[in-house]
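# following is a predicted model, sequence given first.
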Protein chains: 2
Amino acid sequence: MLVKKITCSLPPDTYEIEISHGLLQNPIKLIQDLQSLDSIKSCSAFVIISDTLVKPLYADSLAKACKDLGLHIVQLTFPAGEINKTRSTKEQLEDQMLENAVGADTCLIAIGGGVTTDLAGFIASTYCRGIPLVLIPTSLLSMVDASIGGKNGVNTPFGKNLIGTTTEPKKVIIDFETLKTMKPKDLRDGFVEIIKHALISSSTFFEYLEEHPTKLLSLDLLHLDNLIAESCLIKVKIVLEDQQIKGKRNLLNFGHTIGHALENLTNYSLSHGEAVAIGILVESYMAFKLDIFDYPSIERIKNLFLKYGLPLKLQKKLPIDDLLHAMVFDKKSVKKRARFVIIEQIGTCLECDFHYCKAVDEAFLIDALNWMNQEFVEL
Amino acid sequence: MLVKKITCSLPPDTYEIEISHGLLQNPIKLIQDLQSLDSIKSCSAFVIISDTLVKPLYADSLAKACKDLGLHIVQLTFPAGEINKTRSTKEQLEDQMLENAVGADTCLIAIGGGVTTDLAGFIASTYCRGIPLVLIPTSLLSMVDASIGGKNGVNTPFGKNLIGTTTEPKKVIIDFETLKTMKPKDLRDGFVEIIKHALISSSTFFEYLEEHPTKLLSLDLLHLDNLIAESCLIKVKIVLEDQQIKGKRNLLNFGHTIGHALENLTNYSLSHGEAVAIGILVESYMAFKLDIFDYPSIERIKNLFLKYGLPLKLQKKLPIDDLLHAMVFDKKSVKKRARFVIIEQIGTCLECDFHYCKAVDEAFLIDALNWMNQEFVEL
C-alpha cells in the first residue's frame, strides 16, 4: 500500500497529512499509529464524532477497534447536514463529553465530511481549552479543503463559519477508498474546490483536470491519488506561506465571497460546491470587467464545471440588497465593504499589495450580481 | 501620572499591560491610544462588553468617547454574576454583534471583573475566528489574575471554565482607581490570588503582605501600585516561561483543584477567593502529610488569610464522593486522577519532573478532604 505523507510545519507544532487507500480497513493499526504520536500517547480517553450517516460506514468500526484495544472510548453522533453545524449541536456534543467525564487528556477523532470536521474541530479547540484533534475526512471536499489549514467553525443564521477558531489538528488521515460511498452530487462539490486550487495556483493542474474528467469522476485510483495529493499540497503551501493569516490565504477564498452569500440566501438548498462554482464565475466576470481577465477563460472555467457535472443554476433571481448584506460578514470585508480575489490568468491571481484581494465600488459589484441573476437563472 | 508597563512577549505577538491610576478618567485618550496599535488601527468597529453593574460606572463613558471620536460603537451588557458566565450568554452577545453587522475588523473591549474578561475574551477568540481583544479589568481579582495569561472560558453545570481557549489580548489596561468602587468582600477575593502568587514564588512578597494588611485593604495608593505590578509580574513570568502550557503554569493552579470543586458543589455561593483560600490550606495540608511542608507554615498562611478578611468557613460538610467527581475535569487531571501542586516552603513548590504537580492516592486525598470538612465547618 503506497502512503503519501505531507508534513505541515506550523511552529510550535508539526503534523502529517497521510494519504492512502484502505487505511480504514485496519482500524486497529490506525488507532495504534495515533497512540504513538507524542501529542496523543498520554491521552486516557478517545471521543469519536461522526454524523448519523458516517457512523455505520466508518465510525462504528473505529470505535470497536478502540474498545478492542481496551481504551476508554466515547462515540458520539449528530444528525447529518449543514443545517446542524450550529452552536446548539456543539453544546449538545460537549455536554455528552462532560457527562462521560472525559477531561483535558482526551483525543477527539472527527470522521466525516466538512460539517463534521469543522464542528468537531471547533469542539476540540475549546473543550477544556483545547484537546488533541485527529481529522479523518471522508468526502472529497473535506479531504482537499475543510481538513487542511486548521480553520473550523459553526454557522449562525447570519452566515457560515461565523463562530470558530483556527486550530491545527495533530494528524489528518485521508483514505480515499471512502470516496466510493459518496453520492456523485457530493463528489462534485469536492471537484469545485480542486478546480479553485488550480485556478489560483497552477494552469498545468487546470489542464490536467480538463483532460481527465471521466477518469476522475469514476474514481480511477491511479489518477485520484495524485489529484488529492496535488490539491492538498496547493492548500498546504498557501497555509504555510501565510501562517499569520494576513494575506495569501485570501486566495483560498476565491469564489467564496459570492458563494457563501448564495448558500446563506438559498438557505443551503444550494450545496457549497454549487454555490462556489457560480461564485468563481461571477468573481471571474468581475476580473474581466476590470480588464484583467479575458472572457474566453471564463468560458473555459464554465465548461470545466459543466464537465464535472455542476448545474450552474439558480432557482430564481436573488435580491441584490440581501446579497450585499450577506457579504458584510465575509472575513475579507473591511469597513463593511466586501473584498474579492481578482483572477489574472488561469493559475494566477493579483497580489494587491499582499492582500490578495481588493475592494470594488458598490455599483461595480451590483453590476456583477445583476449579470449573475441573468446568467444563472433559468427562465 | 506614573504609568507602569509590563511587556508580554508571546511570539508571534507582543502586548503590554499598562498599570496606572486615573486612566479611565480620560476615555478619549484611552481609545486614541488603542487606535494607535498596529493590531487595532484598521478596525472599523468597536464593541464594548460589560456587566450591568460596571456599565454605568465605566463602560458608558468609554462608549461615549468612541461616539465622540466618530467611531462605529456597539455597547453590550449582560447580567452581573458568575452564574451568567455561560455558553448561552456568549451566544446572546454574539447574536447582538451579528445583528449589528460588525465583522472580522472589530475590536472587542471587555471592561469589568473576571466574569466579563473571561466571557468577552472567549467571544473575541471565536467571533469570525478571532478579533482583537482589549481587557480593562476593574476588580482586583481580574487585574492580578483573570486578565493575564490569555485563558478565557465559560462554565457549564459540570464545572468552571470547561469550555474556552487560550488567546492573548492586544492590550491590558489596569486603572486601580476602579478598586475604590469594589465591595470589601470582592476585594479580598483578589488578595487570595495575590497571596497565592507569593506562596508559589516569593517569600519576600509573602512577608510584605504580612506586614501591610491595613494599608493594602484601605487601598493606600502608594502600596497598591507596587502590589499589583509585583503580582502581575509573577504571573507574567510564569506564563512566559511556559508558553506551551506544559508544566510551570500548573503552579498558578495552587489551591484551585480543591477550590474549583468547592465553588461547583456550593453552586458558587462560596466566592472564588473564599473557595481557593480553603483550597490552598487543604492542599498545603496535603504537602504537610507528605512530610514536605511544615505545620506552622499552614498556620501562618491561615493567619494571613484571616488578616485579609477571609472567612475560611464552609456552611456544611461536603460529600467526599461529589468532591472527587468534581475534580475529574480539573485541567491537571490525568486518567481521571486529580493532581496537586505541592508546596515545599512559603515561596516555593516542588518541580515534580517539570509537571509542577503530582497525583496522590485516593485514600490520601480522602483523608485531606475529611480534614477540610472538620477544619472549616462550624458546628
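Perfect, thanks for sending it.
# tell me how far the nearest residue to residue A:79 once chain neighbours are set aside lies from residue A:115.
Sequence neighbours aside, residue A:52 is the residue nearest to residue A:79 in space, at 5.6 Å (criterion: CB to CB, 6 or more residues apart in numbering or on different chains). Every residue, glycine included, has its C-beta placed from N, CA and C. Distance, residue A:52 to residue A:115, using CB to CB, to the nearest Å: 12 Å.
# equivalent analysis for residue A:48, please.
From residue A:48 to residue A:115 the distance is 15 Å (CB to CB).
# by residue count, what's the longest helix in chain A?
In chain A, taking DSSP state H as the definition, the longest helix is helix A:221-241.
# can you name the next helix or strand after that helix?
The helix or strand immediately downstream of helix A:221-241 is helix A:256-265, counting by DSSP states H and E.
# spatially nearest residue to residue A:144 (excluding sequence neighbours)?
Looking at residue A:144 with CB to CB, 6+ apart, the closest residue is residue A:231, at 4.1 Å.
# kindly report the same for residue A:281.
In space, residue A:281 is closest to residue A:302, 6.0 Å off (CB to CB, 6+ apart).
# shouldn't residue A:276 be in contact with residue A:196?
Yes: assessed by CB atoms under 8 Å, residue A:276 is found in contact with residue A:196 at 6.9 Å.
# any residues in contact with both of the two?
residue A:255 (CB atoms under 8 Å, 6 or more residues apart in numbering or on different chains).
# OK, contacts around residue A:274?
Neighbours of residue A:274 in contact, by CB under 8 Å, 6+ apart: A:189, A:192, A:310-312.
# surely it is in a strand?
No: the assignment for residue A:274, made by DSSP: H, G, I helix; E, B strand; the rest coil, is helix rather than a strand.
# how near is it to chain B?
24 Å (CB to the nearest CB, to the nearest Å).
# and the pLDDT at that residue?
pLDDT recorded at residue A:274 is 96.
# that older thread, and the longest helix of chain A, C-alpha only, in PDB?
C-alpha atoms of helix A:221-241 as PDB (Å, rounded to 0.1, in the frame of the first residue of the first chain):
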ATOM      1  CA  LEU A 221      -7.500   5.200  -8.200                       C
ATOM      2  CA  LEU A 222      -4.300   5.800 -10.200                       C
ATOM      3  CA  HIS A 223      -5.400   9.400 -11.000                       C
ATOM      4  CA  LEU A 224      -7.200  10.100  -7.800                       C
ATOM      5  CA  ASP A 225      -4.200   9.500  -5.600                       C
ATOM      6  CA  ASN A 226      -2.300  12.300  -7.500                       C
ATOM      7  CA  LEU A 227      -5.200  14.500  -7.700                       C
ATOM      8  CA  ILE A 228      -5.800  14.600  -3.900                       C
ATOM      9  CA  ALA A 229      -2.200  14.900  -3.000                       C
ATOM     10  CA  GLU A 230      -1.700  17.700  -5.500                       C
ATOM     11  CA  SER A 231      -4.700  19.600  -4.300                       C
ATOM     12  CA  CYS A 232      -3.800  19.200  -0.700                       C
ATOM     13  CA  LEU A 233      -0.200  20.400  -1.400                       C
ATOM     14  CA  ILE A 234      -1.500  23.600  -3.100                       C
ATOM     15  CA  LYS A 235      -3.500  24.400   0.000                       C
ATOM     16  CA  VAL A 236      -0.800  23.400   2.500                       C
ATOM     17  CA  LYS A 237       1.700  25.600   0.600                       C
ATOM     18  CA  ILE A 238      -0.500  28.600   0.800                       C
ATOM     19  CA  VAL A 239      -1.300  28.000   4.500                       C
ATOM     20  CA  LEU A 240       2.400  27.600   5.400                       C
ATOM     21  CA  GLU A 241       3.300  30.800   3.500                       C
END
